[in-house]
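# Next come a sequence and a model predicted from it.
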Amino acid sequence: MPLSRRDFLKLTGLVASSAALASCRPLYELAAGDPPLGDWPPLHPADFRALNRLTFGARPSERARVAEIGIQAWVEEQLAPEAIDDFACSLRLRNLDTLAMSGQQLFDLSNELFDDFDLETVPNQLRQGTLLRQVYSRRQLYEVLVEFWNDHFSIATDKGECYYLKTVDDREVARAHAFGSFRDLLWASAHSPAMLIYLDNQANHKGAPNENYARELLELHSLGVHGGYSQADVMELARCLTGWGVKEHFWRGAFSFDNEKHDPGEKIVLGVRIPAGGQEEAESVLERLSKHPSSAQFIVEKLARRFLSDNPPAQLIQKAVAVFESSTGDIRATLRVILLDGLPLAREKYRRPVNFVAASLRMLNAESDCGPAVQEYLMRMGQVPFNWPTPDGYPDRAAAWQGNLMPRWQFAFALARNELDKTEVDLPALLVASGAESPLNALSTLLIGSPLPAAEREALLAAIRAAGASDDELLPILAGGLLASPAFQWR
């Protein structure tokens, strides 16, 4: 999207400055003594777009890897995250001890914290750990897919015991099965205590069935709203799910089935008779849902929308659906087709707030704890992880996010000017590594993939001159202006 002079005039109005641009010192004098961070090889625009689609922002190291082996080989590497050394990212998580705790351990800890009125420790560590992984993990495609599945099986931490059980759900559902089979993923979610509490299945028992989880299982998790089920199917599936709940005493926070609460009668779901069988009734439905043609269509369309465009090509979707069905829901195989065949057809996607913030941190090589200072801006932008109030997950279309630009602009300049607590960028050192003579060309190549066209370059420089930037303000204004520009909002 073009960068207009009007846009830059608005953006540079957010910063205070006091001297003329012409008086600034040479870039390399500003960065004397800083170690280089590695070269930035030029990338084809299609490769730059692909990298930004498959990561939370393309770091120089990833640009170098793609330049070395090509985008298709890089995709294959990312499709095997278990082979990627991610020890450095793991070190950043070492103080977030709740991420590895069981449901019972988290409950016990929460009881201790309750005395201090601090029930936010567990969900805060989950949010911080999620953001740290998105920013610093080398397994970038895996993290993008984990975010996708956490949206697909969305759970807000502010409902009941979800505030601590979502940590277990994140680990044992989205992270455990991100590249596995859809059957295993759907099965894990259906047995997740956090999901059963979030969608009220604890209150689903014979004589008084609660349809909430049954409805979302069909509409949001498998078949899709146009997947061919009826209200009668919802009611019958709810009967199958009676008695599914969560242990409340020993092994608290674990899945349980209470036969005393289960409706033992025969059911009919999607035209198939289900004889009385206790817990196995709903599990037999899960097996069928995971293999249903409507599930294949729905899941593939959502994946293609996330990775390719808001309106992905129908021909590619049908090819990926065929792979999904023939592989019995193999997510890795399905995603390989979507990416390798679809990336050349990809269109621009608008950055959601988390992607905007993570990409800003990654592409400026920021050192951050991804803590309260960063999360405060995400709250203003409307996308705090695990905080969407409805079970459909954060929206994945541009129209949902384009009306709230001011917090993005404010974050861009706060980051570039090192005004965020426990977050720091070193712009001179970053630009020395680029080898470019012009800081503007270097930053624009880093952040939007290419030097600015002459007219847009002059519009930005004119706006900066009008603001009267000092030596110290020059690089932050350039970086902040580009982060806040229309071009960077798209990937």
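Yep, it's here. Since the structure is predicted, the reported quantities are computational estimates derived from the model, not experimental observations.

# Please enumerate residues in contact with the strand or helix carrying residue 216?
Under the criterion of DSSP states H and E, residue 216 resides in helix 212-219. If you take CB atoms under 8 Å, 6 or more residues apart in numbering as the criterion, helix 212-219 is touched by 190, 195-196, 199-201, 204, 225, 227, 229, 233-235, 237-238, 240-241, 289, 391. Yep, even glycine has a C-beta here, placed from its N, CA and C like the rest.

# Show me how to select, in PyMOL, the buried members of those residues.
Typed into PyMOL, the line below selects the buried ones among the contacts of helix 212-219, using 16 or more other CB atoms under 10 Å:
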select buried, resi 190+195+196+199+201+204+227+229+233+234+237+238+240+241+289+391
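
# how's this protein carved up into domains?
5-43+351-489, 293-345 (automatic domain parsing).

# so how far is the first residue of the shortest one from its last?
End-to-end distance for domain 293-345, by CA to CA, to the nearest Å: 25 Å.

# any idea of the mean pLDDT in it?
Mean pLDDT, computed over domain 293-345, is 98.

# ditto for the longest one
Taken as a whole, domain 5-43+351-489 carries a mean pLDDT of 81.

# in stretch 51-65, what counts as buried?
Applying 16+ other CB under 10 Å to stretch 51-65 flags 51-60, 62-63, 65 as buried.

# Determine which two of the residues you listed are furthest apart.
By the measure CB to CB, 53 and 60 form the most distant pair in the buried residues of stretch 51-65, at 17.6 Å.

# So what does residue 257 have for phi and psi?
Here is the backbone geometry of residue 257 (degrees, to the nearest 10): phi -120, psi 120.

# The residue found closest to it once you drop the neighbours it is linked to in the chain: how many residues sit nearby?
Of all residues beyond its chain neighbours, the one nearest residue 257 is residue 279 (4.3 Å), with distances taken as CB to CB, 6 or more residues apart in numbering. The local packing of residue 279 (other CB atoms under 10 Å) involves 18 other residues.

# which residues touch residue 132?
Residue 132 touches 89, 92-93, 96, 369-370, counting by CB under 8 Å, 6+ apart.

# and what of residue 472?
Residue 472 neighbours (CB under 8 Å, 6+ apart): none.

# Now for it, which secondary structure element holds it?
Secondary structure assignment for residue 472, by DSSP H and E: helix 471-483.

# Tell me how far that helix lies from the chain's centre.
Put simply, helix 471-483 sits 27 Å off its chain's centre (CA atoms, centre = their mean, to the nearest Å).

# Please apply the same query to stretch 295-309.
The chain centroid and the centroid of stretch 295-309 are separated by 15 Å, computed with CA atoms, centre = their mean.

# Put the alpha carbons of that stretch into PDB.
This file holds the C-alpha atoms of stretch 295-309, laid out as PDB (Å, rounded to 0.1, in the frame of the first residue of the first chain):
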ATOM      1  CA  SER A 295     -14.700 -30.600   8.500                       C
ATOM      2  CA  ALA A 296     -12.100 -30.900   5.800                       C
ATOM      3  CA  GLN A 297     -13.600 -28.000   3.900                       C
ATOM      4  CA  PHE A 298     -13.900 -25.800   6.900                       C
ATOM      5  CA  ILE A 299     -10.500 -26.400   8.300                       C
ATOM      6  CA  VAL A 300      -8.700 -26.000   5.000                       C
ATOM      7  CA  GLU A 301     -10.600 -22.700   4.300                       C
ATOM      8  CA  LYS A 302      -9.500 -21.300   7.600                       C
ATOM      9  CA  LEU A 303      -5.900 -22.400   7.200                       C
ATOM     10  CA  ALA A 304      -5.800 -20.900   3.700                       C
ATOM     11  CA  ARG A 305      -7.400 -17.700   5.000                       C
ATOM     12  CA  ARG A 306      -4.700 -17.400   7.700                       C
ATOM     13  CA  PHE A 307      -1.700 -18.100   5.500                       C
ATOM     14  CA  LEU A 308      -2.700 -16.800   2.000                       C
ATOM     15  CA  SER A 309      -5.500 -14.200   1.900                       C
END
